[in-house]
Structures are given as C-alpha cells and as structure tokens.
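K.L.:
Provide a 3D model corresponding to the input given below.
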Amino acid sequence: MGEEVKLFRSWSSPFALRIVWALEIKGIEYEAVFEDVSNKSPLLLQYNPVHKKIPILVHNGRPIVESFVILEYIDETWKQAPLLPEDPYERAMARFWAKFGEDKCFDTNLERVYQARERAGGSHGCSHGEPQVPRKRIGYVDLTLGWLANLVSIFEEIVGLKIVDEEKFPLLYSWMQDFAEAPIISTRFIPLYDHIVMNILSQFQV
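P.N.:
Numbering: from 1, shown residues only. Alright, predicted model coming up:
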C-alpha cells in the first residue's frame with residue numbers, strides 16, 4: 001500500500017508554501033487540502049489542537065505541525081534531494097540562520113535577511129551544487145525565506161513602491177530573483193499572486 005500524504009494549507013499562507021516547495025523538490029505526491037482559516041474544519045482542529053493553524057502535514061494518518069518542523073520531517077523521511085547538509089555542524093548553522101532570517105524578516109535593514117541566507121547558502125542553504133537556483137541547489141534556508149521572493153513583489157505592485165531596491169539591496173535582490181526564477185518555484189507563485197491581488201483590489205471596488 002502506498003504512502004498517504006496530505007497537506008492542510010490555505011491559498012495565501014507563505015508558511016504552507018514552504019512545504020509545497022519541499023514536497024515538489026522531493027518529488028512526493030500529496031493531496032492538498034485547502035482550509036478556510038476563518039472557518040476551520042473539524043479535521044484541522046483535530047490534527048492541530050494546540051495552535052489550531054496551518055500548515056499541517058499528515059503522513060499515513062499522523063499529523064506534523066509548524067513549518068520548520070515539517071521541513072525537517074520531510075527531509076528526514078524522504079532522503080532524495082536533501083534540504084539540509086549531512087554534517088551536524090552545518091545542519092546546526094542552517095537551522096540558526098533560518099531562525100535568524102525568520103526573526104529579522106521585518107527588520108528595516110533587509111540586507112541582514114539576505115546575509116542570513118548567504119552565510120548559510122554557500123554550504124548549507126543552497127548546497128550540493130545542483131542548479132535549480134542558478135549555480136546552487138535550493139536548500140532549507142532558501143525555503144524558509146523564499147516567501148519573501150513571492151510576497152514582496154506582490155506588495156510592491158499593490159502599494160506602488162519599491163521595497164527591495166536593486167541598488168540599495170543588491171544581494172537580497174539578486175537572491176530573490178534567482179529563487180523566483182527557478183521553475184519548481186515560479187510555477188507555484190502565479191496562483192498565489194493572482195489570488196492576493198484580486199482579493200485586495202476587490203476591497204476598493206464600489
């Protein structure tokens with residue numbers, strides 16, 4: 001009997017998008033269960049009674065919650081296309097910089113967010129040299145920060161302002177462009193973009 005993998009998510013959750021990318025990179029077939037976060041289903045509450053939120057990965061009937069935890073579970077369960085390096089020290093550093101980037105994602109000094117990815121990226125975040133992102137392979141740190149490459153461009157179009165300027169934040173801008181252009185990533189951007197823009201613009205229609 002084959003494995004049963006379900007992902008409880010919403011169309012707008014950047015945290016769930018991390019899991020979508022990881023499953024796609026690993027080549028894992030799964031069923032997406034879209035939740036209305038304003039009207040949570042009994043299954044969502046059953047699978048995550050503590051936080052009552054998405055994403056939730058259900059593997060053969062067993063739920064795993066919290067996106068960082070889910071990413072590591074996926075990497076440990078399906079060994080192909082590893083997201084984290086084998087070396088324990090490098091794994092620890094990847095976890096550290098992913099957490100640092102998460103904590104600083106709203107820092108006014110956006111370059112610090114890129115520095116977190118770059119310090120991990122050479123040997124941890126984008127590892128093993130396979131060119132899914134140009135010259136580098138998508139790794140754990142990239143997935144934890146990848147939502148920036150999706151949502152920042154959306155907010156820029158909505159508000160009409162450049163949040164991540166190429167001249168002001170050259171490293172962050174370059175990484176966001178490379179990440180967003182990877183086929184396995186970019187094909188998951190478009191539906192999220194359309195949903196968010198249409199949803200927000202509809203609020204201003206008379």
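
K.L.:
Now do the helices in this structure.
P.N.:
For the chain, helices defined by DSSP state H occupy the ranges 14-26, 42-47, 67-77, 88-103, 111-120, 140-145, 147-159, 170-181, 183-186, 189-202.

K.L.:
Tell me, how many residues neighbour the closest residue to E3 other than its chain neighbours?
P.N.:
Spatial nearest neighbour of E3, chain neighbours left out: N60 (6.0 Å); criterion: C-beta to C-beta, 6 or more residues apart in numbering. Every residue, glycine included, has its C-beta placed from N, CA and C. When neighbours are counted by other C-beta atoms under 10 Å, N60 registers 10.

K.L.:
looking at it, N60 is touching K6, isn't it?
P.N.:
No. With contact defined as C-beta atoms under 8 Å, N60 does not count as touching K6 (9.8 Å).

K.L.:
circling back to that earlier point, which of the helices of the chain sits most buried?
P.N.:
Counting by mean count of other C-beta atoms under 10 Å, helix 140-145 has the highest mean neighbour count of these, with a mean of 28.

K.L.:
average pLDDT for that one?
P.N.:
Mean per-residue pLDDT for helix 140-145: 91.

K.L.:
and if you look at stretch 164-182?
P.N.:
pLDDT averaged over stretch 164-182 gives 83.

K.L.:
now do stretch 53-61
P.N.:
Here the average pLDDT along stretch 53-61 is 97.

K.L.:
isn't L23 right next to E3, touching?
P.N.:
No. Using C-beta under 8 Å, L23 makes no contact with E3, being 11.8 Å away.

K.L.:
is it possible to export the helices of the chain to TSV including distance to D36?
P.N.:
Listed next are the helices of the chain as TSV, based on distance: least, C-beta to C-beta, whole Å:
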stretch	distance to D36
helix 14-26	14
helix 42-47	10
helix 67-77	19
helix 88-103	26
helix 111-120	31
helix 140-145	25
helix 147-159	20
helix 170-181	28
helix 183-186	26
helix 189-202	13
